[in-house]
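*Asks:* The amino acid sequence is not available; the structure is as follows:
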DNA sequence: CGCAAATTTGACCAACCTCAACAAAGGTGG
DNA sequence: CCACCTTTGTTGAGGTTGGTCAAATTTGCG
């Protein structure tokens, strides 16, 4: 991956190189690569920091290291977390419209940001880049729809179980006795993501613990002891006959807008 | 738009031609057009009919005439309407994954369906088609996020007001005294879309009527008398300083996946 | 070790749901 | 064109889930 130009002495991989490796398909034209490097804008943030406070122009952000939450402001004191994103993901932060949007770092983050419009313009002429953006946007849409189902028609317990199963797929570490989760977000983040309160999150986690489905240790460590049991409580269809389509569960494991 | 091949004697426009006119950018290559005609699958449905009952392969459906609702089945007796779509829109009906999905006609419908995979494959080589699909998918994502905000953090009244404002933008007919809506969906459809019950929809419409914001006549006719007032009750940011970005409110008016 | 922030737990409350009865709409057949 | 009838929508009474407020407890950092 010889993509460095004026190679800065890097201890670890530079965010821009991580972006190239993660997002650019090998068929992307050389001219598009150069244009992307022109548009790329490196961004760092520390935990809790608002990356695009009042986001005035839509942006596409690639997460090289760390994790973030994308928040919509429904009103004073009412935030809705639209999505969580981890290293390797691409996030679309929309410009203010009917609501305002902000991207917050959940911990120290290294990112590469692009103004959305020139990026989409570039995709108009480069089919490989366009296809990559389309694929990721479709994944984001699938996740957003899952969230719609959860918020519209699921109980508090089902929402929490869905959240845990979803996080297990994305950042869970397989383990002899289930799956280990080290959540970078607080209870408030989870509550604002699931349309609940921190108290309800706490109570539901307690119930799932009492039911033997998980064990907690400290603030952020959760061991999932019975993933199928959790999926059942999440109101998911029984697994096993999932189709192998373009957007099947497996395809959703990594990276999305 | 000379896209007819073996011109069938058509009284009105054929669905496939409507699709070509609505969706295909003029730059789409001739070879891609031919391939699209191969993949296209005309579909008709009457009101209430399930178009893809248990949707096994992901599909992209273009609505030539009529309107539809995309439904996710959270469980027996618990449906969530993910989106409504009208003539000119493109809908992605996902294959069964964690939940099952079905597309229902809201009235008599003429559509053109595609298996999603070959369509995306075609977009991989044709940048213009890819860009069109990307643009529409981004709109769908923006709408889905709006719904997430509504379901996660809005009261029943705010949800109903948001719904009305959104429908006004899509199918409202401007009128000397506000905006006239002729809703093709039932109260149940609205309830399943907003994560509420039909009784709550009815009561909230009653309150908005008593507040002088709208007038109803019959089951489906609603006259919106005070759009700014409704937008305020919807919890929207005050209008006026909306950015002109790729996905600003105006750009969302028509067509999406 | 001390402390501020995060989380848990408990008691109470309200928004919305459930169940039930009623009214209106609008299609059908006479 | 009208009476009937089914479907859809409205209204009311009471229950439940999850929210609110407050206090106790834990975490993990300095």
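*Replies:* Received, thanks. Note that this is a predicted model, so its numbers are computed, not measured. Residues are numbered from 1 along each chain as shown, chains lettered A, B, ... in the order given.
*Asks:* tell me which residues in stretch A:122-134 are buried?
*Replies:* Using 16 or more other C-beta atoms under 10 Å in any protein chain shown as the test for burial, stretch A:122-134 gives A:122-134. (C-beta placed from N, C-alpha, C; glycine too.)
*Asks:* Report the residue spans of the stretch 51-200 of chain A with pLDDT below the cut-off.
*Replies:* Applying pLDDT under 70 to the stretch 51-200 of chain A flags no residue at all.
*Asks:* What residues does it have near DNA strand C?
*Replies:* The stretch 51-200 of chain A comes close to DNA strand C at residues A:186, A:187, A:188, A:198, A:199, as judged by C-beta under 7 Å from any atom of the strand.
*Asks:* Isn't the fourth one up against residue A:191?
*Replies:* I take that to be residue A:198. Yes: between residue A:198 and residue A:191 there is a contact under C-beta atoms under 8 Å: 4.7 Å.
*Asks:* Those two: which has the busier surroundings?
*Replies:* residue A:191 (22 against 14; other C-beta atoms under 10 Å in any protein chain shown).
*Asks:* From the contact counts, what lies against the one helix or strand that one maps to?
*Replies:* Take DSSP states H and E as the rule and residue A:191 turns out to sit in helix A:187-194. Packing partners of helix A:187-194 (3 or more C-beta pairs under 8 Å, 6 or more residues apart in numbering or on different chains; DSSP states H and E): strand A:67-75, strand A:78-86, helix A:127-153, helix A:156-171, helix A:198-210, helix B:127-153.
*Asks:* Let's have the ones you listed in TSV, adding distance to DNA strand D.
*Replies:* Output for the helices and strands packed on helix A:187-194, formatted as TSV (distance: least, C-beta to the nearest atom of the strand, whole Å):
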stretch	distance to DNA strand D
strand A:67-75	12
strand A:78-86	9
helix A:127-153	10
helix A:156-171	4
helix A:198-210	3
helix B:127-153	9
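*Asks:* Could you export these to TSV, including columns for distance to residue B:159?
*Replies:* Shown next, in TSV, are the helices and strands packed on helix A:187-194 (distance: least, C-beta to C-beta, whole Å):
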stretch	distance to residue B:159
strand A:67-75	11
strand A:78-86	13
helix A:127-153	10
helix A:156-171	18
helix A:198-210	20
helix B:127-153	5
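*Asks:* Mind checking these for the one nearest to residue A:113?
*Replies:* strand A:67-75 (11.5 Å; C-beta to C-beta).
*Asks:* Now do that closest one: which elements does it pack against?
*Replies:* Contacts defined by 3+ C-beta pairs under 8 Å, 6+ apart place strand A:67-75 against strand A:78-86, strand A:90-93, strand A:100-105, strand A:109-115, helix A:187-194, helix B:127-153.
*Asks:* Give me the sheet partners of that strand and which way each runs.
*Replies:* According to DSSP bridges, strand A:67-75 forms sheet pairs with strand A:78-86 (antiparallel), strand A:100-105 (antiparallel).
*Asks:* Briefly note if the strand or helix carrying residue A:117 comes near chain B.
*Replies:* Using DSSP H and E, residue A:117 sits in helix A:116-125. Yes: contact of helix A:116-125 with chain B (C-beta under 8 Å from any C-beta of the partner chain) involves A:116, A:117, A:120, A:123, A:124, A:125.
*Asks:* Just name whatever secondary elements that helix is in contact with.
*Replies:* Where contact means 3+ C-beta pairs under 8 Å, 6+ apart, helix A:116-125 is packed against helix A:30-39, strand A:59-65, helix A:127-153, helix B:127-153.
*Asks:* quick check: domain ranges of chain A?
*Replies:* Listed by automatic domain parsing, the domain ranges of chain A are A:15-144, A:154-251.
*Asks:* most packed of those?
*Replies:* Scoring the domains of chain A by mean neighbour count under mean count of other C-beta atoms under 10 Å in any protein chain shown gives domain A:15-144 as the most buried, with a mean of 20.
*Asks:* End to end on it, go ahead and measure it.
*Replies:* With C-alpha to C-alpha, to the nearest Å applied, domain A:15-144 spans 27 Å between its terminal residues.
*Asks:* Centre of the chain to that domain, how far?
*Replies:* Mean-position distance between domain A:15-144 and its chain equals 10 Å (C-alpha atoms, centre = their mean, to the nearest Å).
*Asks:* With adjacent residues omitted, what lies nearest to residue A:170?
*Replies:* Excluding the flanking residues, the one nearest residue A:170 by C-beta to C-beta, 6 or more residues apart in numbering or on different chains is residue A:86, at 6.3 Å.
*Asks:* Quick check: the one you found touching residue A:171?
*Replies:* Yes: contact criterion C-beta under 8 Å: residue A:86 and residue A:171 qualify, at 5.8 Å.
*Asks:* Could you check the pLDDT of residue A:36?
*Replies:* Per-residue confidence (pLDDT) for residue A:36: 95.
*Asks:* who's in contact with it?
*Replies:* Contact analysis of residue A:36 by C-beta atoms under 8 Å, 6 or more residues apart in numbering or on different chains lists A:20, A:24, A:114, A:119, A:122, A:129.
*Asks:* Give me the three-state assignment for residue A:44.
*Replies:* Following DSSP: H, G, I helix; E, B strand; the rest coil, residue A:44 is assigned to strand.
*Asks:* Distance-wise, check the nearest residue to it once chain neighbours are set aside relative to DNA strand D.
*Replies:* Spatial nearest neighbour of residue A:44, excluding adjacent residues (C-beta to C-beta, 6+ apart): residue A:110 at 5.8 Å. Distance of residue A:110 to DNA strand D, computed by C-beta to the nearest atom of the strand, to the nearest Å: 20 Å.
*Asks:* same check, this time on residue A:172
*Replies:* Distance of residue A:172 to DNA strand D, computed by C-beta to the nearest atom of the strand: 18 Å.
*Asks:* in terms of contact, does that residue touch residue A:179 like I think?
*Replies:* Yes: between residue A:172 and residue A:179 there is a contact at 4.2 Å, judged by C-beta under 8 Å.
*Asks:* Now the common contact residues for the two.
*Replies:* With C-beta under 8 Å, 6+ apart, residue A:172 and residue A:179 have common neighbours residue A:224.
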